[in-house]
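K.L.:
Next one to model:
(4 chains)
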Number of protein chains: 2
Amino acid sequence: MATPLSPTTKGAKARTNWVTMEDVAIRAQVSKITVSRVLRAPEKVRAETRERVLAAVRDLGYVPDDAAGALTTRSSKIVAALISTLEGSTFASTVDGLSRNLRAAGYQLLLATTDYSPEREAEILSMLLRQRPDGLVMTSSHHTADALALLKRAQIPVVELWELPPKPIDSSVGFSNFGAGKAMTGFLLDRGYRRPAFIGPRAGIDGRVKSRSEGYAAVVSERAAFPPRIITAPEAVTSLTDGGASGLVTALERWPDTDCVFCSSDSVALGAISEARRRNLRVPEDIAVAGYGDFDLAGNSGLELTTVRIAGTEIGERAAELILQRMQGERPQHKSIDVGFEVVPRASA
Amino acid sequence: MATPLSPTTKGAKARTNWVTMEDVAIRAQVSKITVSRVLRAPEKVRAETRERVLAAVRDLGYVPDDAAGALTTRSSKIVAALISTLEGSTFASTVDGLSRNLRAAGYQLLLATTDYSPEREAEILSMLLRQRPDGLVMTSSHHTADALALLKRAQIPVVELWELPPKPIDSSVGFSNFGAGKAMTGFLLDRGYRRPAFIGPRAGIDGRVKSRSEGYAAVVSERAAFPPRIITAPEAVTSLTDGGASGLVTALERWPDTDCVFCSSDSVALGAISEARRRNLRVPEDIAVAGYGDFDLAGNSGLELTTVRIAGTEIGERAAELILQRMQGERPQHKSIDVGFEVVPRASA
DNA sequence: TTGAAAGCGATACCAA
DNA sequence: TTGGTATCGCTTTCAA
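P.N.:
Predicted coordinates:
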């Protein structure tokens, strides 16, 4: 035994199987830096040399180590995303649009969910920051002081999604939840409903829901002759659909003349419709139901849910564009992008 | 002006605002390596020193650079996930469970979606690998030769999700799609339906659907007196629900005695139910409909969809456990974990 | 057009 | 219990 190791120029001590740039360099008979150039600025290398290097890259199956490169370039090619939740598919399309557009520019998405908790968000943030992301997107606009301090020190572009905070940390892509609440409520009144109530999930879970309910309240206060009727599901109710069912019950008990409910999401609305059917109430004749989100199924399955449509994918795509510009040091024209929303009238209200 | 920079020991040349380990060391009057120890093996440092270092860490708001550390430890603390799609919320809970459990162990999730395309998967894989993930999970089991070669060279633990491939790359967490197709079909025949058809999305999009349809076909061949009836949505139809609607139409045209359709997903089933209602067919009396997935809404909204439930979150959680074990060099007892499935009988079939 | 040397921020290994 | 030194894989800077 004791076969002498072939003196592959000090390459002998590597214990991983990753091919390094040095390996490529040796095979192509050039220096490391030339390999680097071929990969990042091919025009700076003579065609002949370049071909030799590319051949070596192929032969060896070389995959560059971005993390190592990041050490000198100070750019990890990673964008971190803090998403409130992946369930209910609210943000799924946003994440999709985001990752798609980022990847097209060579960036990867580091994803984490916060379950709507600012404390968890802060904690997760500090973990994500250890990877030195070049940028950050988040779907919440309510942050702890710790989180804000971390973000400040990180000095990376931050984009807040799905709202347009009055005082954004940095920039934002979203729409006015307050405006959307107003629009739908106005639409319902225009349709002739007299006593709309608002049904939301457990209290304070989400600032966006609050904004929508405020939009509702604003319109009711202005145009209707009764105080706003806002129902919040009890803490015990966890599922959104269950919350919608119980919300409807509560609304009808408390205000028997309720003729219409505006739900904080389509899932909640489905719960309400389900409960209405259970009670043999006709929708919308006996009780009208409006949702929020325009999820896949809202328009189908005989549901015909009147709702508000948000361009989730577009939010992700625009956020990617914005953050890419910022990461490349450009100063984008707009720090806030309003993608709007749309009231979608269907049969349920 | 021209205030002389305080000679913070060569720290003067840094152009980022990140606090480095060296900065902490200086402030705590120790060497870098001691700071490193305090952070990773506190018991090896005298309590007094440790306190001084921790104070410095806090004061400076130091956040370690894992990417730099990865260079020597050869562990990036990153796990990459290749997900077929985030839409339809099929995999959302899996991603959630995965990222939650990984994070608890200090790992982050690098996420990308492949849109069910093996070619795209291979391409994305090579990009993800540049970040040197410590492990990889993927929801597809159909890979290109390039992808397999990359995976092989990467030499990291790989977990395939949502199926139990006969020949896994490495390990897997899922269940038998074939078995699930068989189980639901058997259930439908037991319920007394005589002529069940299978409705899937556009051809070949997903190996799992194929397995389910094969399970269906196996049972029909064995127990029924007619050849399997399998409908595939035309390429033109993109939405799953639309596919369900058109699938129902096709089935009834081609085989008017069809009394039951087993759909490849709940979304498809909703489309079918929707179409049935449009045609004034009663569900399940005139036509029964079964789905697959047990999405949030399946049990609600008067839908009462009979379906197959998959423990999506559990798949993610178990996958995290498995990959964590493998990354720590343990050899887990099981390379494949079967989380099973469950036929959920409701009113639609 | 190409290369040599010096880091980037952290950890491993061996000393003190 | 603590520290010095040599890397990790890559890019930058400066020369040739």
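
K.L.:
residue ranges of the strands in the stretch 101-250 of chain A, please?
P.N.:
A:108-113, A:135-138, A:158-161, A:171-174, A:196-200, A:230-232 (DSSP state E, counting those that start in this stretch).

K.L.:
The third one vs chain B: in contact?
P.N.:
In this case it means strand A:158-161. No - using C-beta under 8 Å from any C-beta of the partner chain, strand A:158-161 stays clear of chain B, coming no nearer than 14.7 Å. In short, each C-beta sits where N, CA and C put it, glycine included.

K.L.:
Put together a markdown table for the strands of the stretch 101-250 of chain A, with distance to DNA strand C on each row.
P.N.:
Shown next, in a markdown table, are those (distance: least, C-beta to the nearest atom of the strand, whole Å):
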| stretch | distance to DNA strand C |
| --- | --- |
| strand A:108-113 | 18 |
| strand A:135-138 | 18 |
| strand A:158-161 | 21 |
| strand A:171-174 | 26 |
| strand A:196-200 | 43 |
| strand A:230-232 | 44 |
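
K.L.:
Can you say which of these is nearest to B:Leu148?
P.N.:
strand A:108-113 (21.2 Å; C-beta to C-beta).

K.L.:
Report whether that closest one contacts chain B.
P.N.:
Yes - remark: strand A:108-113 sits within contact range of chain B at A:Gln108, A:Leu109, A:Leu110, A:Leu111, A:Ala112, A:Thr113, by C-beta under 8 Å from any C-beta.

K.L.:
Likewise for stretch A:120-131?
P.N.:
Yes - counting by C-beta under 8 Å from any C-beta, chain B has neighbours in stretch A:120-131: A:Ile124, A:Ser126, A:Met127, A:Leu128, A:Leu129, A:Arg130, A:Gln131.

K.L.:
Sort out for me which of those residues are in helices.
P.N.:
A:Ile124, A:Ser126, A:Met127, A:Leu128, A:Leu129 (DSSP state H).

K.L.:
any idea which of the residues you listed is closest to A:Gly181?
P.N.:
A:Ile124 (29.0 Å).

K.L.:
beta partners of the closest residue to that closest one other than its chain neighbours?
P.N.:
Distances taken as C-beta to C-beta, 6 or more residues apart in numbering or on different chains put A:Ala112 closest to A:Ile124, at 4.8 Å, once the chain neighbours are dropped. Note on A:Ala112: beta-bridge partners by DSSP bridges are A:Leu82.

K.L.:
List the buried residues of the one helix or strand A:Arg100 maps to.
P.N.:
According to DSSP states H and E, A:Arg100 maps onto helix A:92-104. Neighbour counts over helix A:92-104 (16 or more other C-beta atoms under 10 Å in any protein chain shown) mark A:Ala92, A:Ser93, A:Thr94, A:Val95, A:Asp96, A:Gly97, A:Leu98, A:Ser99, A:Arg100, A:Asn101, A:Leu102, A:Arg103 as buried.

K.L.:
close to chain B, is it?
P.N.:
Yes - on the criterion C-beta under 8 Å from any C-beta, helix A:92-104 is in touch with chain B at A:Ala92, A:Ser93, A:Val95, A:Asp96, A:Ser99, A:Arg100, A:Arg103.

K.L.:
now that helix against strand B:108-113, angle please.
P.N.:
90 degrees (axes from the mean of the first three to the mean of the last three C-alpha atoms, to 10 degrees).

K.L.:
Now for A:Val137: which residues touch it?
P.N.:
Taking C-beta atoms under 8 Å, 6 or more residues apart in numbering or on different chains, we find A:Val137 in contact with A:Val79, A:Ala80, A:Ala81, A:Leu82, A:Leu98, A:Val158, A:Val159, A:Glu160, A:Leu161, A:Ala319, A:Ile323.

K.L.:
Roughly how far does the closest residue to A:Ala122 other than its chain neighbours sit from B:Val63?
P.N.:
Spatial nearest neighbour of A:Ala122, excluding adjacent residues (C-beta to C-beta, 6+ apart): A:Ala147 at 4.0 Å. Computed as C-beta to C-beta, to the nearest Å, the A:Ala147 to B:Val63 distance reads 13 Å.

K.L.:
So the helix or strand of chain A with the lowest mean pLDDT, near chain B or not?
P.N.:
Ranked by mean pLDDT, DSSP states H and E, the weakest helix or strand in chain A is helix A:266-278, scoring a mean of 90. Yes - counting by C-beta under 8 Å from any C-beta, chain B is contacted by helix A:266-278 at A:Ser267, A:Leu270, A:Gly271, A:Ile273, A:Ser274, A:Arg277, A:Arg278.

K.L.:
Is chain B within reach of stretch A:23-39?
P.N.:
No - Stretch A:23-39 lies apart from chain B when judged by C-beta under 8 Å from any C-beta; the minimum separation is 10.9 Å.

K.L.:
Please export the C-alpha coordinates of that stretch as PDB.
P.N.:
Only the C-alpha atoms of stretch A:23-39 are listed here, as PDB (Å, rounded to 0.1, in the frame of the first residue of the first chain):
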ATOM      1  CA  ASP A  23      -8.900  22.000 -10.400                       C
ATOM      2  CA  VAL A  24     -10.400  23.600 -13.500                       C
ATOM      3  CA  ALA A  25      -7.400  25.900 -13.800                       C
ATOM      4  CA  ILE A  26      -4.900  23.000 -13.700                       C
ATOM      5  CA  ARG A  27      -6.800  21.000 -16.200                       C
ATOM      6  CA  ALA A  28      -7.100  24.000 -18.600                       C
ATOM      7  CA  GLN A  29      -3.400  24.900 -17.900                       C
ATOM      8  CA  VAL A  30      -4.200  28.400 -16.800                       C
ATOM      9  CA  SER A  31      -4.400  30.200 -13.500                       C
ATOM     10  CA  LYS A  32      -7.400  30.400 -11.300                       C
ATOM     11  CA  ILE A  33      -8.100  33.900 -12.100                       C
ATOM     12  CA  THR A  34      -8.400  33.200 -15.700                       C
ATOM     13  CA  VAL A  35     -11.000  30.600 -15.000                       C
ATOM     14  CA  SER A  36     -12.800  33.200 -12.900                       C
ATOM     15  CA  ARG A  37     -12.700  35.600 -15.800                       C
ATOM     16  CA  VAL A  38     -14.000  33.100 -18.300                       C
ATOM     17  CA  LEU A  39     -17.000  32.600 -16.000                       C
END
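
K.L.:
Wait, A:Glu160 touches A:Ser172, no?
P.N.:
Yes - judged on C-beta atoms under 8 Å, A:Glu160 makes contact with A:Ser172 at a distance of 4.3 Å.

K.L.:
got any residues that touch both of those two?
P.N.:
Listed contacts common to A:Glu160 and A:Ser172 are A:Ser141; contacts here mean C-beta under 8 Å, 6+ apart.

K.L.:
Would you map out the domains in chain A?
P.N.:
A:76-175+A:312-340, A:177-310 (automatic domain parsing).

K.L.:
what bits of the stretch 1-150 of chain A have low per-residue confidence?
P.N.:
Within the stretch 1-150 of chain A, the segments meeting pLDDT under 70 span A:1-16.

K.L.:
Would you map the helices across it?
P.N.:
Along the stretch 1-150 of chain A, counting by DSSP state H, counting those that start in this stretch, helices occupy A:21-28, A:32-40, A:47-60, A:66-73, A:92-104, A:118-129, A:145-154.

K.L.:
Show me what the fourth one is packed against.
P.N.:
Contacting helix A:66-73 under the criterion 3 or more C-beta pairs under 8 Å, 6 or more residues apart in numbering or on different chains; DSSP states H and E are the following elements: helix B:66-73.

K.L.:
10 Å instead?
P.N.:
Secondary-structure packing of helix A:66-73 (3 or more C-beta pairs under 10 Å, 6 or more residues apart in numbering or on different chains; DSSP states H and E): helix A:32-40, strand A:78-83, helix B:66-73, helix B:118-129.

K.L.:
quick one, which of the ones you listed is nearest to A:Val249?
P.N.:
Of these, nearest to A:Val249 by C-beta to C-beta is strand A:78-83, at 31.5 Å.

K.L.:
Quick check: phi and psi on A:Glu342?
P.N.:
phi -150, psi 130 (degrees, to the nearest 10).

K.L.:
how much space is there between the residue nearest to A:Ala122 and DNA strand C?
P.N.:
According to C-beta to the nearest atom of the strand, to the nearest Å, A:Ala147 and DNA strand C sit 20 Å apart.
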